[in-house]
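1. whatever this is, show me its structure:
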Amino acid sequence: MNFFFQSLCFLFLFSVMPAFSAPKIECDVPKYDFGTVIAGDAITHRFVIWNRGDEPLEIVKIKNCCGVETSVDPMIIAPGTNAICTSVFTTKNRSGEQDKQILLVTNDKKHLYYDLRMTGILQMPIEFTPRWVRLDNLLADSPVSEIISATNMLKVAVTLDSVSVAQKELTAEIAETSDRGWKIRLSSTSSLPVGQLNTRVILNFSTGPVEVPVVGTIRPVIQSSPETILFNSSATGEVERQVMLRSGDGRSFDIVSASLENAEGSVATERLVDGKWRIRLSVQPKSIVNGSVLHIRTSLEAQSVLDFPLLLK
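-> Next comes the predicted model:
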């Protein structure tokens, strides 16, 4: 009997105990798909954030994805009420599929990080191909001739006011114009500098500028081995070294002159085959100072002067 009575008391107490109080964050539509739009203008969306718990819901912090700014008003949401979460996505200079995350840091222990999304596809007002102009493995004096195609994606007329290129050895000009498109020719005006090329073609449209990256690797017309000539500082008497020269595309060239500057010794040149030379030099290491070089003049306009440092080790 006592056991039955105690059980009834326990059930009664359990039934009258208040439920555990807590905030509860919800958003009926946590993902906003803005579809396919032209990039440039900002996209604004307002999410409705509800507190369906029985304690105040606090938005402690907002973590935005790149390009998005978000505010929540109010930041503390009473039970049974809502707040407006306004997210602004800046679309300028962006294109392609977009998936932007907004994280709300809350005091809802079941949803400490609440995930909102803005998704869609951005089209550039002006689409262009190729997206990058690659000039890989060109010789310094190789001619450049590339075509960039641009298309107006807007429903209104657009004009291409001017084109330019940031590399002085290159030029860009409008080669062809149609109702909704343009062809721009990129070409070289002189030899390009040896090394990594990183520049851009600038298309100034009435809607604003568009930049087309131009990248590549430019090789020397005359390639050498070695590029620096090393000598032992403790050596006595004359020490012989040689330098091999060859043209990158097998073309013939002449050595107009070869001499030592700021060092004592002699230089002899030998043509091996068309486009390939051997330079023999005999040098007094003790005469080498800062600025000592093997100075060579060639018949190639792109590389008429070659200087090889003489270094002591």
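
2. from here on, just use CA atoms for contacts and neighbour counts.
-> OK.

3. show the average pLDDT along the strand or helix carrying Phe308.
-> Per DSSP states H and E: Phe308 is located in strand 305-312. The predicted model assigns strand 305-312 a mean pLDDT of 96.

4. which element, helix or strand, includes the most centrally placed residue in the chain?
-> By CA atoms, centre = their mean, the chain has its centre lying nearest to Pro213, at 9.1 Å. Using DSSP H and E, Pro213 maps to strand 208-219.

5. about what we covered before: next, the buried residues of the strand holding Phe308.
-> Across strand 305-312, burial judged by 16 or more other CA atoms under 10 Å covers 305-312.

6. ok, those residues vs Met244, which is closest?
-> Comparing the buried residues of strand 305-312 against Met244 with CA to CA places Phe308 closest, at 11.6 Å.

7. partner residues bridging that closest one?
-> Counting by DSSP bridges, Phe308 is bridged to Leu294.

8. how far away is it from Val243?
-> 9 Å (CA to CA, to the nearest Å).

9. okay, buried residues for stretch 215-232 please.
-> The neighbour-count check on stretch 215-232 (16+ other CA under 10 Å) flags 215-222, 224, 229, 231 as buried.

10. what does it rub up against?
-> Under the criterion CA atoms under 8 Å, 6 or more residues apart in numbering, residues 132-141, 192-199, 239, 241, 243-249, 285, 302-303, 308-313 lie in contact with stretch 215-232.

11. kindly report the same for stretch 94-104.
-> With CA under 8 Å, 6+ apart as the criterion, stretch 94-104 contacts 39, 59-66, 68, 70, 112-124.

12. now name the helix or strand holding Thr269.
-> In this assignment (DSSP H and E), Thr269 forms part of strand 265-273.

13. packing partners of that strand?
-> Applying 3 or more CA pairs under 8 Å, 6 or more residues apart in numbering; DSSP states H and E, one finds that strand 265-273 contacts strand 255-261, strand 276-283.

14. distance from the strand holding Phe308 to the middle of the chain?
-> 35 Å (CA atoms, centre = their mean, to the nearest Å).

15. low-scoring stretches of the stretch 101-250 of the chain, by residue?
-> Across the stretch 101-250 of the chain, nothing is flagged by pLDDT under 70.

16. distance of the spatially closest residue to Leu139 that is not a sequence neighbour from Asp136?
-> Distances taken as CA to CA, 6 or more residues apart in numbering put Arg219 closest to Leu139, at 4.7 Å, once the chain neighbours are dropped. With distances taken as CA to CA, Arg219 is found 9 Å from Asp136.

17. how about Ser304?
-> For Ser304, the distance to Asp136 equals 23 Å [CA to CA].

18. look at stretch 242-257 and report the distance between its end residues.
-> 16 Å.

19. same check on stretch 246-262?
-> One end of stretch 246-262 to the other measures 26 Å (CA to CA).

20. got it, and stretch 145-162?
-> End-to-end span of stretch 145-162 (CA to CA): 19 Å.

21. just the residues contacting it, thanks.
-> By CA under 8 Å, 6+ apart, the surrounding residues in contact with stretch 145-162 are 38, 123-130, 133, 180-188, 203-207.

22. for ChimeraX, what selects the buried ones among those residues?
-> Applied in ChimeraX, the following selects the buried portion of the contacts of stretch 145-162 according to 16+ other CA under 10 Å:
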select :38,123,124,125,126,127,128,133,180,181,182,183,184,185,186,187,188,203,204,205
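
23. show me what the strand holding Phe308 is packed up against.
-> Secondary-structure packing of strand 305-312 (3+ CA pairs under 8 Å, 6+ apart): strand 229-231, strand 293-298.

24. and those: which comes nearest Ala172?
-> With CA to CA as the criterion, Ala172 lies closest to strand 293-298 of the helices and strands packed on strand 305-312, at 30.9 Å.

25. Tyr114 touches Asn107, doesn't it?
-> No - counting by CA atoms under 8 Å, Asn107 is not a contact partner of Tyr114; they are 10.4 Å apart.

26. give me the common contacts of those two.
-> Contact criterion CA under 8 Å, 6+ apart; residues shared by Tyr114 and Asn107: none found.

27. got the domain boundaries for the protein?
-> 21-123, 126-219, 222-312 (automatic domain parsing).

28. for the stretch 101-250 of the chain, what spans make up the strands?
-> For the stretch 101-250 of the chain, strands defined by DSSP state E, counting those that start in this stretch occupy the ranges 113-123, 126-129, 133-139, 145-152, 160-165, 170-177, 181-188, 195-205, 208-219, 222-225, 229-231, 239-247.

29. please consider this matter closed, and thank you.
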